[in-house]
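> pasting the sequence and the predicted coordinates here, then a few questions.
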Amino acid sequence: MRLTARLGARLGHVGAFVWSGWAGISGLALFAAVWQAGHEVYGNFILSAPAATVGAAATILTEADNLALIWDTVRRAAQGFVLAAAVGIVGGLGAGYSAATMRLVRPILTVLLGVPPIAWIVLAMIWFGGSDGTVITTVVVAATPLIFVSVAEGVMTRDRKLDDMATAFGAGPLARLTTLGLRHVLAFLFPALTVALGSAMKVAVMAELLANTGGIGGALAMARANLDVTMALAWVLVAVGGLIVLEYLLVHPVRAEFERWRNASRPWGVKR
Amino acid sequence: MASALTPAALTLDNVGYAYLGRTVLDRIDLTLAPGEVVALVGPSGCGKSTLAHIAAGVLEPRHGHLERSYRRHGMVFQEARLMPWATTRENIAYPLRLAGVSRRDRAARAEAAAARVALDIRDLDKYPAELSGGMMQRAAIARALVAEPDFVYFDEPFTALDVALKRRMQNLVIEASRALHFGALFITHDLSEAVRVAHRIAVMDLHGRGIVGDRLLPGMPGDRDEATVYTLAAALAKDPAFRHIHDVDERRLP
Ligand SMILES: Nc1ncnc2c1ncn2[C@@H]1O[C@H](COP(=O)(O)OP(=O)(O)OP(=O)(O)O)[C@@H](O)[C@H]1O
Ligand SMILES: [Mg+2]
């Protein structure tokens, strides 16, 4: 009985989620319409038709060689992203809980954030040559500061009265961190992770293109060399599509699960 | 109740505290016998909450020392202090989670504690934002009682409630204290509340410089009828030791 009830609730969530996707689909349809209009004005050489581009993207996805290229990019972006998340979360927790660390790190962060990503790519190319390291380093450098700052901000805005409450009930520092601190930080971490995931993909493609290390970026460079607009757009479509799939299949459902309580203070309440 | 043989449940000996160099508590001596409910009264800002936080181990005293010989304590704060992201059930069960009780036992014991404070089982799946003020405070009381403490700190738990609900909550605390045999330090600045719930009333100095006096109340909490409570509170209000709380209450009138 309980299981079916739970299953029902879960299906309900999924249903609500799919329903909320309609707005997104309408938006995309509008975008495609504008694209088609542009194609009709400027012709195939400048802007290929959306349908043709989607077709080309579909062809890309059927070829094993191309899938390997996509996998290269995704793997590098994912490695960089995971590394950035690890460094950012640990560092952010440290800085959030220790004011001294925060004071020490803040100027460094300001300097790091001031360096344009393209400069990092150049440096990484000198250090790592045309290897994975170039791409991964660039991704880490691009994605870490945001995660770091968000986590630190989460820790610093935690409710100290809840911490005192936990202490009164016998919680040590570790128990306070795991039961209160991390839970509060999640609300700050999720948006940061979403943005970082997107920038990881984008920076990875950019680094690949500039460092000529294959992957989607390499394929884009090739399309540019051949002046093949359809192919270039198709690769862009593949990259964007991958990101959207990742975001809506993974990030949003997980976040919705953790943020359910927020609906409690909204007019429509919690969907149960 | 206080016997020379049994050790005190809680002893504060010459306790002092300062926030950033500003002394808020000084030379506090207070002893509570096992099972004894002591009401601590004093005007707003005299340091009652600070004292409760020190006694419950949230703050470290700057001077003096304290001894707790009870087994385990619970605490109800001036505000409910519920975790906004957790359901009422999870909030009530929080001390059990800290104590490492299994998830299944936690749910059952949280429900029992909720029943004790007359919280409907259907409300246990709600989040704190969906509860009324009185329900939140009841959840906070259930949380304080869930781990079966033998001592409970109450820090002005009912200040924000209306008269009728306040009365119900006071009865609830009295009954729970009898049924579960816990002693308590009950902080309030309402004399009739103190008279209703406590065995003894201690008065704190206007500036936290010591406990200026204490009065043992006749009879048992819960056995005193309305007339008795009224007479006792009126008599205490004329007591010189209680004069300064009375002053503050007068000043509070619009
Ligand atoms: N975190 C803090 N930092 C600095 N000063 C504080 C802090 N908390 C309390 N104080 C000060 O300590 C004094 C005692 O505060 P406390 O909260 O213990 O009073 P109280 O007797 O509980 O008052 P009330 O009846 O209004 O709850 C007050 O003067 C207050 O300004
Ligand atoms: Mg107080």
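Arrived safely, thanks for sending. Because the structure is a prediction, the values reported are computed rather than measured. Ligands and ions are numbered 1, 2, ... in the order given.

> for the stretch 151-254 of chain B, which segments count as helices?
Listed in chain order, the helices of the stretch 151-254 of chain B (DSSP state H, counting those that start in this stretch) span B:163-180, B:191-197, B:226-238, B:243-252.

> can you count the residues close to residue B:215?
Look at residue B:215: counted by other CB atoms under 10 Å in any protein chain shown, it has 19 neighbours. (Each C-beta comes from the backbone N, C-alpha and C, glycine too.)

> need the nearest residue in space to it, chain neighbours excluded.
Nearest residue to residue B:215, sequence neighbours excluded (CB to CB, 6 or more residues apart in numbering or on different chains): residue B:201, at 5.1 Å.

> kindly report the same for residue B:142.
residue B:113 (4.1 Å).

> element containing the residue sitting furthest away from the middle of chain B?
The C-alpha centroid of chain B is most remote from residue B:104, which lies 29.2 Å away (CA atoms, centre = their mean). Using DSSP states H and E, the element containing residue B:104 is helix B:103-116.

> for that helix, packing partners?
helix B:88-92, helix B:94-98, helix B:133-145 (3 or more CB pairs under 8 Å, 6 or more residues apart in numbering or on different chains; DSSP states H and E).

> give me the angle between that helix and helix B:133-145.
Between the axis of helix B:103-116 and that of helix B:133-145 there is an angle of 130 degrees, by axes from the mean of the first three to the mean of the last three CA atoms, to 10 degrees.

> just to revisit the earlier point, what's the neighbour count on the residue nearest to residue B:142?
For residue B:113, using other CB under 10 Å, the count is 26.

> how much space between it and residue B:153?
Distance of residue B:113 to residue B:153, given as CB to CB, to the nearest Å: 17 Å.

> with adjacent residues omitted, what lies nearest to residue 171?
By default, I'm working from chain A. In space, residue A:171 is closest to residue B:98, 5.0 Å off (CB to CB, 6+ apart).

> let me rephrase: I mean chain B.
residue B:222 (7.4 Å).

> the one you found contacts residue B:175, doesn't it?
Yes: assessed by CB atoms under 8 Å, residue B:222 is found in contact with residue B:175 at 7.1 Å.

> residues near whichever residue of the stretch 151-272 of chain A sits closest to ligand 1, how many?
Using CB to the nearest ligand atom, the single residue of the stretch 151-272 of chain A nearest to ligand 1 is residue A:160, 9.0 Å away. For residue A:160, the tally of surrounding residues (other CB under 10 Å) stands at 9.

> just residue B:223 next, same as before
For residue B:223, the tally of surrounding residues (other CB under 10 Å) stands at 9.

> around chain B, which positions in the stretch 51-200 of chain A sit nearby?
Neighbours of chain B within the stretch 51-200 of chain A, by CB under 8 Å from any CB of the partner chain: A:161-162, A:164-171, A:175, A:179-180, A:183-184.

> at 10 Å what do you get?
Residues of the stretch 51-200 of chain A found near chain B (CB under 10 Å from any CB of the partner chain) are A:159, A:161-172, A:175-176, A:179-180, A:183-184, A:186-187.

> which ones among these lie within helices?
A:161-168, A:175-176, A:183-184, A:186-187 (DSSP state H).

> who wins on neighbours among these?
The most crowded member of those, judged by other CB under 10 Å, is residue A:165 (27 neighbours).

> assign the closest residue to chain B within the stretch 1-150 of chain A to helix, strand or coil.
Closest residue of the stretch 1-150 of chain A to chain B, CB to the nearest CB: residue A:9 (11.1 Å). Here residue A:9 is helix, with the state taken from DSSP: H, G, I helix; E, B strand; the rest coil.
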